[in-house]
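In: predicted structure and sequence below. I'll ask about it afterward.
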Amino acid sequence: MPGRVVDYLVDMIADLGITHLFGVDGANIEDVYDAIFDANGPVGIVAKHEFSAATMADGYARSTGGLGVVVATSGGGAMNLVAGLAESYTSRVPVLALIGQPPTGLEGHGAFQDSSGLAESIDATALFATVSRYCARVEDPAELPEQFAAAVAAAKDGGPAVLLIPKDVQQQAMPIHVPHRENAAEPSAAHSGPRHRATAELADELTAARRTGKIVIIAGDQVARDDARAELAHLVAALDASIGLAPDAKDVYPNTGPGYRGVAGSMGHAELLEALRSASACLLVGTRLPVTARAGLDALLTELPVLSVGVLPPHPAANHLHAPDLAATIADLLTRIDTAPARGEAAAQLTPMPVPPADGPGLRYRAVVEAIQRELPSGADIFADAGNTGAAVVHYLRVPEGGRFVVALGMGGMGYAFGAGIGSAFARRHAADGPHRTIVIAGDGSFYMHGMELHTAVEHDLPVTFVVFNNNAHAMCVTREQLYYRDRYSFNRFRTARLGPGIAAMFPGLPARTVAEPGELAGALRDSVAATGPSFLEILCDPDEIPPFQPFLSTIDASRSTP
């Protein structure tokens, strides 16, 4: 007998080498979980919230360099996916979302959670089309192979793809004549001819720039998506270049490697600015250089030849080479570059941004991040939330070799790091190069939004350490109130809450501690990362401390210079 549509889907996902699917169960997606139970393939992981399930798929995709899959039911479950898919869309992370819908016969007739667009219901196709590269409703099982292949291909081009599948369609039998195995995503060759011609031109420009001075490379997150880290390192060596990294790409080049000059943009380092001031050209590799990565660089970039290679052209004016596969393009480029003898400059000793002294309660950002640095195990993966905490991590932390580093700067959704770190941990705890401990770093505001995904880590005994900076505030909003609204009020300070004791009470046996004094920090961190399963560490800090974030520091400098 032919299998059901859901059996076909699960088998197709297994054929792609995907080991875990993330989601939240519900009436209109439960048949997928039923198929997972019967299949000898991907493991179904139930999250606590669909946003986190989407970020788990996102983190899984970023760490594997492959495709992440999220499944969700209709109605509120589907709506909860939107913010997570928006992050994947903006950051071009390949995620496939399978979303259940009410039975087709009830659409437009008062179905519970109807989103068919009929009878003034929400139109899910229109909604998800805005946060996906491909979105389609599957209304006939015979259409599924083509739609699945198109969705996977679109996701692998960079971003989410969505299939909306009514419950009755999920339960139908696949037509017998439909092949049960499909090559779902052959790589596109649409740009192969022009790419080779343009690569030669870029090689000539780089060779000329190398002869007249120093090239500065700024690398971005496409290097990670395309697993082009080795090729990037060879390019830096071949050009004897200095290199800086976009804030969300700190793991694409060794942070102690030759020529490293720190992070670019609003959380960046003076050493990269100095390198650009004396450069003969700037080469952007796999980054569009959004505002967070180019703050403070615009004037310098207008004075330099700017070259670019990546899937999309950068926001600043540049001579751009389209490269949907950076690893292949850089390898081709390396065969064409005429290089001069390399001087092999060591990594720079990075100068921290000067921040105003803080005299409030708790520990300081820099001291905490540097302590985390000292205790990181080899190959540790770091997932940080945006905000004051994220700015400190981006600026002060050096990523250990073999580790991953992710900070969500596409949409900057609070709580992203909890789900993404968990999704990555599923992929990386049995990695070929050995187990990797995951460190999730976030603030208490992010914890209140999605920190209860800790429950998922406990359920599956994942090697994840959750480090929560607790300043009893939405601290970046507090900072903005102080700097931009005369500090007349605060909507963003909270009454005191102690997370460490609360988590310890909720999860008996889970290592959970609170650090209130500097002398407690090293030991607590050491114990937390030494745990075999999950652990939780609350670090008390000051809501009034200014983080290493250039827009804030520039505002302070401007106010001091105003008569």
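Out: Thanks, I have it.

In: confidence-wise, which helix or strand of this structure is lowest on average?
Out: helix 192-212 (a mean of 81; mean pLDDT, DSSP states H and E).

In: buried set for that one?
Out: 195, 198-199, 202-203, 205-206, 209-210 (16 or more other CB atoms under 10 Å). (Glycine included, C-beta is placed from N, CA and C.)

In: now, among these, which is nearest to A427?
Out: The closest of these to A427 turns out to be R195 (CB to CB; 30.2 Å).

In: just give me the neighbour total for P511.
Out: Here the count is done by other CB atoms under 10 Å, and P511 has 19 residues near it.

In: wait, it sits on A530?
Out: No. Applying CB atoms under 8 Å, one finds P511 not in contact with A530, separated by 9.1 Å.

In: give me the residues contacting the least confident helix or strand of the chain.
Out: Helix 192-212 is contacted by residues 215, 239-240, 280-281, 283, 305, 307, 309, 319, 321-323, 329, 332-333, 336-340 when judged by CB atoms under 8 Å, 6 or more residues apart in numbering.

In: give me the ChimeraX select line for those, limited to the buried ones.
Out: The following ChimeraX line selects those of those that are buried, judged by 16+ other CB under 10 Å:
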select :215,239,240,280,281,283,305,307,309,319,321,322,323,329,332,333
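
In: what residues of stretch 511-525 count as buried?
Out: Neighbour-count burial for stretch 511-525, counted by 16+ other CB under 10 Å, picks out 511-516, 521, 524-525.

In: an error on my part: the question was meant for stretch 139-147.
Out: By neighbour count on 16+ other CB under 10 Å, the buried set for stretch 139-147 is 139, 141, 144-145, 147.

In: those in helices, which ones?
Out: Using DSSP state H, the subset of the buried residues of stretch 139-147 located in helices is 144-145, 147.

In: determine which two of the buried residues of stretch 511-525 are furthest apart.
Out: Maximum pairwise distance in the buried residues of stretch 511-525, criterion CB to CB, is 17.1 Å, between P511 and A516.

In: pLDDT and distance to H430 for the buried residues of stretch 139-147 - can I get that in TSV?
Out: Shown next, in TSV, are these (pLDDT from 0 to 100; distance: CB to CB, whole Å):
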residue	pLDDT	distance to H430
E139	96	39
P141	97	34
L144	96	31
P145	96	31
Q147	97	32
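
In: and which of the residues you listed is nearest to V407?
Out: Nearest to V407 among the buried residues of stretch 139-147, counting by CB to CB, is Q147 at 33.5 Å.

In: my read: that closest one touches L163, true?
Out: Yes. Contact criterion CB under 8 Å: Q147 and L163 qualify, at 6.3 Å.

In: who's in contact with T514?
Out: T514 neighbours (CB under 8 Å, 6+ apart): 498-501, 537-540.

In: 10 Å instead, please
Out: 468, 470, 498-504, 520, 524, 536-540 (CB atoms under 10 Å, 6 or more residues apart in numbering).

In: cool, V69 as well?
Out: By CB under 10 Å, 6+ apart, the residues touching V69 are 9-10, 13, 16, 18, 20-23, 42, 53, 56-57, 60-61, 94-98, 152, 155.

In: switch to 8 Å and redo it
Out: V69 makes contact with 13, 18, 20-22, 42, 57, 95-98, according to CB under 8 Å, 6+ apart.

In: now D227
Out: Applying CB under 8 Å, 6+ apart to D227 gives the contacts 65, 327.

In: switch the cut-off to 10 Å
Out: 64-66, 252, 325-327.

In: and L163, by the same measure?
Out: L163 sits in contact with 9, 96-99, 128, 132, 134-138, 144, 147-148, 150-152, where contact means CB under 10 Å, 6+ apart.

In: recalculate using a threshold of 8 Å.
Out: L163 touches 96-99, 135-138, 147-148, 151, counting by CB under 8 Å, 6+ apart.

In: and what of G110?
Out: Residues in contact with G110 (CB under 8 Å, 6+ apart) are A119.

In: Q101 too?
Out: 28, 74, 107, 115-116, 124, 137, 164-167.

In: dig out what it forms beta bridges with.
Out: Per DSSP bridges, the residues bridged to Q101 are P166.

In: from S115, how far out is it?
Out: 7 Å (CB to CB, to the nearest Å).

In: what does H455 give?
Out: Distance from H455 to S115, counting by CB to CB: 28 Å.

In: which one of the two has more residues nearby?
Out: Neighbours per residue (other CB under 10 Å) separate H455 from S115, with S115 holding more: 23 against 14.
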